[in-house]
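Undergrad: take a look and give me a structure for this.
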Amino acid sequence: MSPQMVDRLWQAFLDTLTMVGVSALIALLVGLPLAIFLVLSAPGGLIAAPRSHRILGAIINGFRAAPFIVLLVALLPFTRLVTGTTIGVWAAIVPLSISATPFLARIAEVSLREVQPGLIEAAQAIGCRRWHIIRHVLLPEALPGLVGGFTITLVSMIGASAMAGAVGAGGLGDMAIRYGYQRFDTTVMLAVLVVLIATVCLVQFAGDAVVRHLRAR
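TA: Okay, the predicted model is just below:
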């Protein structure tokens with residue numbers, strides 16, 4: 001590839017990191033509390049609220065069932081309202097965040113449910129409040145699973161960010177379509193593919209390493 005194309009590839013990589021990084025942070029800040037509420041409000045939970053649990057679960061399932069490309073198009077008016085545009089990196093962050101949040105919430109819910117009930121009962125027996133149980137029992141015990149789930153979410157978001165390039169979101173997907181597919185440049189296509197695979201492998205390796213460290217403590 002020419003030096004100019006290498007510079008474009010580097011910028012596309014940085015754009016993808018921005019999209020995925022900001023969206024992942026939003027998904028974590030929103031999705032984890034949703035997962036905690038789903039666990040606590042379930043029948044038999046610390047703050048059992050079956051009706052609220054069913055309503056929130058239905059909303060989350062609805063967003064999870066929508067294919068990302070459909071959600072991307074359906075959210076265009078909302079994206080324009082929030083960012084003032086429907087193209088570019090920051091416009092892509094809106095649908096990416098909304099798509100990743102319910103996905104992360106469900107994965108985190110599974111990890112939180114795997115915490116042994118006996119630990120929670122022991123904490124209740126010694127008079128711990130709900131917040132202390134969440135902070136000092138539920139989250140620490142589920143942390144390896146939460147990190148593993150967040151890693152899976154990141155990998156999924158990298159693929160979704162490439163798909164967002166189909167509608168002018170920028171990043172590696174946009175470069176692959178604009179400079180590779182539309183110009184029949186196989187070299188650009190392969191370069192983008194290699195960068196995407198390397199990024200996914202690096203994220204997965206880092207996530208697995210953190211999980212192993214947490215479980216070994």
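Undergrad: assign a three-state SS to residue 43, would you?
TA: Secondary structure, DSSP: H, G, I helix; E, B strand; the rest coil: residue 43 is coil.
Undergrad: separation between the residue lying closest to it once chain neighbours are set aside and residue 40?
TA: Distances taken as CB to CB, 6 or more residues apart in numbering place residue 50 nearest to residue 43, at 5.4 Å, with adjacent residues excluded. Just so you know, the C-beta spots here come from the backbone N, C-alpha and C atoms, and that holds for glycine as well. Here the criterion is CB to CB, to the nearest Å. By it, residue 50 lies 12 Å from residue 40.
Undergrad: the two: which has the busier surroundings?
TA: Comparing residue 50 with residue 40 by neighbour count (other CB atoms under 10 Å), the higher total belongs to residue 40, at 18 against 12.
Undergrad: who touches the more buried one in this structure?
TA: Counting by CB atoms under 8 Å, 6 or more residues apart in numbering, residue 40 touches 46-47, 130, 134.
Undergrad: re the thing from before, mind listing what the residue nearest to residue 43 touches?
TA: 41-43.
Undergrad: let me know the next secondary structure element after the strand or helix carrying residue 24.
TA: According to DSSP states H and E, residue 24 maps onto helix 3-41. Scanning forward in sequence from helix 3-41 by DSSP H and E, the next helix or strand is helix 50-65.
Undergrad: and the helix or strand following that following helix, what other elements does it pack with?
TA: Using DSSP H and E, the helix or strand that follows helix 50-65 in sequence is helix 68-74. Here helix 68-74 touches helix 89-113, helix 139-164, going by 3 or more CB pairs under 8 Å, 6 or more residues apart in numbering; DSSP states H and E.
Undergrad: can you report how many residues lie near the spatially closest residue to residue 169 that is not a sequence neighbour?
TA: Excluding the flanking residues, the one nearest residue 169 by CB to CB, 6+ apart is residue 92, at 3.5 Å. Counted with other CB under 10 Å, residues neighbouring residue 92 total 33.
Undergrad: so residue 92 makes contact with residue 173?
TA: No. The pair residue 92 / residue 173 is not scored as a contact, 9.3 Å apart, by CB atoms under 8 Å.
Undergrad: quick check: neighbours shared by the two?
TA: 161, 164.
Undergrad: any weak-confidence spans in the protein?
TA: Counting by pLDDT under 70, the chain shows low-confidence ranges at 1, 166-168.
Undergrad: determine how far the last residue of stretch 176-192 lies from the first.
TA: Across its full length, stretch 176-192 reaches 6 Å between end residues, using CA to CA, to the nearest Å.
Undergrad: hang on, the earlier thing: how close does the residue nearest to residue 43 get to residue 196?
TA: For residue 50, the distance to residue 196 - CB to CB - is 43 Å.
Undergrad: pull up the gap between residue 81 and residue 27, please.
TA: 20 Å.
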